[in-house]
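Fold the stuff below for me.
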Amino acid sequence: MEKFLVTGGKKLKGRVKVSGSKNVAIKLPIASLLTSEEINISNVPLISSFYKTLDIVKMLGSEYKISDHTLSIKTPKITAFTIPLEMGALVRTSTMTAGPLLARYGRAVVPNPGGCRLGARPIDRHIEGLEKMGAKIEYKEGMFVGVAPNGLKGANYSFEKNTHTGTETLILAAVLAKGKTVLENAAEEPEIDDLIYLLNLMGADVKRVKSRTIVINGVKKLGGAKFVVQPDRNELVTFACAAIATRGDIFIEYKDKENIKAFLKELDTAGIPYEESSEGYRFYYSGEFKGTNVTTLPHPGFMTDWQSPWMTLMTKAKGVSTMHETIYENRFAVVGELNKMGAGIELFNPKVKNPKSFYNFNWDDNKPEFFHAAGIVGPKVLHSAVLNICDLRAGATLIIAALIADGQSVLYGIEHIDRGYEDFEKRLKLLGADIKRAKEEDE
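Okay, the predicted model is just below:
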């Protein structure tokens, strides 16, 4: 078992480049199943989630090689149609293979999605959409067994709730379906538009005609393509929060302002300055800042993935901040670990008119013990602790907390961080952090 040893008190300073987007890269090997020709993808992050997705498509018949953050992949022939339950539990892209498999070969057996356990992660919207397109799907012993003997056909489908992965799954299914598919209330995250861009390079006909309407005209065949993965906006937010919280000064190479507007808006609200240039952003501490009231929302709102790093930053703000989580029904597991370090965070449920329609998660998955908002009292002095990481973003959050805490903290469960951040501790060291990866038996 590995762990991180983090000694706080060092100001992070320097320049850092963010990796390619995890939430783009892990979907692209699935897209490569749609053609027998080679796809070349550069700027891929070398993270465990990406490698696990490659393991899945390799099992289905894909061949690939990676050289200097560039993936070359092709699938001459599908040789299997079942994702084993134990593999599917590791990464949520497992269920996305259903679209290409049903579209090209008329059958697929996929498990419930894995990845971070942030909530129920229901895929009922994926299944409904695939059934509308002509698939027949049964649920047997934890597996979705689907057949489409006559192939998939175009259909009109409106998502009841915003779903990033559901939108991508149905796009992947529709590009080779017969006829036109119209997806209403589709998610509009920029990572989805990156997938659309790749598919169109491959010969697909996919257009976002309105912010939440996507039209796909099915084509008979897709070909190869070359593609560059966009930079990871979640990494930018992580490093920015770390810079400000440690009273440091970091320049982050990142050029797409449109994708981080909601984050920059909250910095403005808190009174935290930043500088923008043609090459990226400088985030730095310039003195006291105030608390904020943030609600997580689908794009273009404040991302749920930014929630926990922002809460940690707000432990240093003056006054009381609030964080209202509307995307997942149970995403405050990190709060207990932060309070162990001396944070003053109290969970509560705000009054909401018609919560079933207000929240993006399925209200039936809610439980009395789940809380949907947090009050953060600041400024607080955090102290070291032995910490357990429960998911990817919580891992990055607890590293930030350890960097600003007095003394040395020990963090377990660091495999969650490796899922989404490439060489995270090495890049933090280059910025001046005192962080070490160690084995449990190391002193």
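
Now find how far off-centre stretch 149-164 is within its chain.
Taking C-alpha atoms, centre = their mean, to the nearest Å, one finds stretch 149-164 lying 22 Å from the centre of the chain it belongs to.

Same check on stretch 359-375?
Chain-centre distance of stretch 359-375: 20 Å, with C-alpha atoms, centre = their mean.

same question, stretch 128-138
That offset, for stretch 128-138, works out to 26 Å (C-alpha atoms, centre = their mean).

just the CA coordinates of that stretch, formatted as PDB?
Only the C-alpha atoms of stretch 128-138 are listed here, as PDB (Å, rounded to 0.1, in the frame of the first residue of the first chain):
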ATOM      1  CA  GLU A 128     -34.000   4.300 -22.300                       C
ATOM      2  CA  GLY A 129     -32.200   6.100 -25.200                       C
ATOM      3  CA  LEU A 130     -30.700   2.900 -26.500                       C
ATOM      4  CA  GLU A 131     -34.100   1.200 -26.400                       C
ATOM      5  CA  LYS A 132     -35.600   4.100 -28.300                       C
ATOM      6  CA  MET A 133     -33.000   3.400 -31.000                       C
ATOM      7  CA  GLY A 134     -34.200  -0.200 -31.300                       C
ATOM      8  CA  ALA A 135     -32.100  -2.100 -28.800                       C
ATOM      9  CA  LYS A 136     -33.600  -4.700 -26.500                       C
ATOM     10  CA  ILE A 137     -31.900  -4.700 -23.100                       C
ATOM     11  CA  GLU A 138     -32.400  -6.900 -20.100                       C
END
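
pLDDT averaged over that stretch, what's the number?
For stretch 128-138, the mean pLDDT works out to 95.

go on, stretch 221-231?
For stretch 221-231, mean pLDDT rounds to 97.

quick one: buried residues of that stretch?
Within stretch 221-231, the residues that qualify as buried are 222, 224-225, 227-231, counting by 16 or more other C-beta atoms under 10 Å. In short, each C-beta sits where N, CA and C put it, glycine included.

likewise stretch 282-298?
Here stretch 282-298 shows 282-285, 289, 291-292, 294, 296-298 as buried, counting by 16+ other C-beta under 10 Å.

Inside strands: which ones of those?
Members of those lying in strands (criterion: DSSP state E): 282-284, 294.

can I get those residues in CSV with distance to residue 307?
CSV is the format used below for these (distance: C-beta to C-beta, whole Å):
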residue, distance to residue 307
282, 24
283, 18
284, 23
294, 8
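
just how off-centre is the helix or strand of the chain with the lowest mean pLDDT within its chain?
Ranked by mean pLDDT, DSSP states H and E, the helix or strand of the chain with the weakest confidence is helix 85-88, at a mean of 80. Centroid separation for helix 85-88 versus its chain: 19 Å, with C-alpha atoms, centre = their mean.

Mind listing the residues bridging to the spatially closest residue to residue 201 that is not a sequence neighbour?
Leaving aside its sequence neighbours, residue 201 sits nearest to residue 225 (C-beta to C-beta, 6 or more residues apart in numbering; 3.8 Å). Per DSSP bridges, the residues bridged to residue 225 are residue 39.
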